[in-house]
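[1] Coordinates for the following, if possible.
(chains A and B)
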Amino acid sequence: EAQVTQNPRYLITVTGKKLTVTCSQNMNHEYMSWYRQDPGLGLRQIYYSMNVEVTDKGDVPEGYKVSRKEKRNFPLILESPSPNQTSLYFCASGVRGLAETQYFGPGTRLLVL
Amino acid sequence: SQKIEQNSEALNIQEGKTATLTCNYTNYSPAYLQWYRQDPGRGPVFLLLIRENEKEKRKERLKVTFDTTLKQSLFHITASQPADSATYLCAPNAGGTSYGKLTFGQGTILTVHP
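    Below is the predicted model of the structure:
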């Protein structure tokens, strides 16, 4: 089944403790992206990647890191999480030229205490 | 700066009626515009894409229009059903080398009452 998977789905952590949220897609998509969604602020892009080893900042990249070492994976790294990073995170993937649509993962709900 | 506005945070309609959602954008020249549906706690799901040279696009009960002069897209759901209740997001995209950078509107929460 074609899908985008994220792990973990739920995470409670403490301020300053490094964490990684994994994202994997099995559709051979070149494009992958991370978003966070907060009440009243909508869905905002954190980072995106047009292909392996190519990443770029979205609208809210501060406090996050990403890497794209292989096509299928695009992990989101929070080196020193803070409470304002408590949010619902979505990973997405897509193929440029195929209607430029994106396929979203199920989301990761993060709480930073 | 670029700005996207979707009409009224919430829209309530009766089953069987047509729902019309609006997406206005400023300081944008999108090559295309996408509409997504999102259910509570779940990832958005792609519905329709319309390009700048297209005036209208249809898919089953869904219709999207795109007016680059008015800088507006309208999203219509005809013969609405309670199962259409969800949040609908628009996302204009400049395309080209800016394809990867995507900004979504805040969304309109649609509730269809039986």
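[2] and chain B, which residues reach chain A?
    B:32, B:34, B:41-46, B:49, B:89, B:93, B:95, B:99-107 (Cβ under 8 Å from any Cβ of the partner chain). C-beta coordinates here come from the backbone N, C-alpha and C atoms, glycine included.
[3] Low-confidence regions, chain A specifically.
    A:96-100 (pLDDT under 70).
[4] do that again at 50, thanks
    Along chain A, segments meeting pLDDT under 50 span A:98-99.
[5] Next to chain B, which bits of it? Give me the list.
    Residues of chain A lying near chain B (Cβ under 8 Å from any Cβ): A:4, A:31, A:33, A:40-45, A:48-50, A:56, A:58-59, A:88, A:90, A:92, A:96, A:99-107.
[6] From the residues you listed, list the buried ones, please.
    Buried members of the residues of chain A next to chain B, counted by 16 or more other Cβ atoms under 10 Å in any protein chain shown: A:4, A:31, A:33, A:42-45, A:48-50, A:58, A:88, A:90, A:92, A:100-105, A:107.
[7] coming back round to it: write a ChimeraX command that selects only the buried members of the residues of chain B next to chain A.
    Buried residues among the residues of chain B next to chain A (16+ other Cβ under 10 Å), as a ChimeraX selection:
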select /B:32,34,43,44,46,49,89,93,99,100,101,102,103,104,105,106,107
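[8] Of the residues of chain B next to chain A, which belong to strands?
    B:32, B:34, B:45-46, B:49, B:89, B:93 (DSSP state E).
[9] Out of the residues you listed, the closest to chain A would be?
    residue B:46 (4.2 Å; Cβ to the nearest Cβ).
[10] which ones are touching that closest one?
    A:99, A:101-103, B:34-36 (Cβ atoms under 8 Å, 6 or more residues apart in numbering or on different chains).
[11] For chain B, give the residue positioned nearest to chain A.
    residue B:43 (3.1 Å).
[12] Now that residue: closest residue in space that isn't a chain neighbour?
    Leaving out its chain neighbours, the residue that sits closest to residue B:43 by Cβ to Cβ, 6 or more residues apart in numbering or on different chains is residue A:104, at 3.1 Å.
[13] Of all the residues in chain A, which one is nearest chain B?
    For chain A, Cβ to the nearest Cβ, closest residue to chain B: residue A:104, 3.1 Å.
[14] Cross-check the contact I'm expecting between that residue and residue A:5.
    No: between residue A:104 and residue A:5 there is no contact under Cβ atoms under 8 Å: 11.2 Å.
[15] partners of the residue of chain A closest to chain B in the sheet?
    For residue A:104, the beta-bridge partners under DSSP bridges are residue A:92.
[16] what separates the residue minimising distance to the centre of chain A from residue A:68, distance-wise?
    Chain A has residue A:34 as the residue nearest its centroid, 2.9 Å off, counting by Cα atoms, centre = their mean. Residue A:34 is 11 Å from residue A:68, where distance means Cβ to Cβ, to the nearest Å.
[17] can you list residues touching both of those two?
    residue A:74.
[18] how distant is the strand ranked longest in chain A from the center of its chain?
    Identified as the longest strand of chain A according to DSSP E is strand A:42-51. Offset of strand A:42-51 from its chain centre (Cα atoms, centre = their mean, to the nearest Å): 7 Å.
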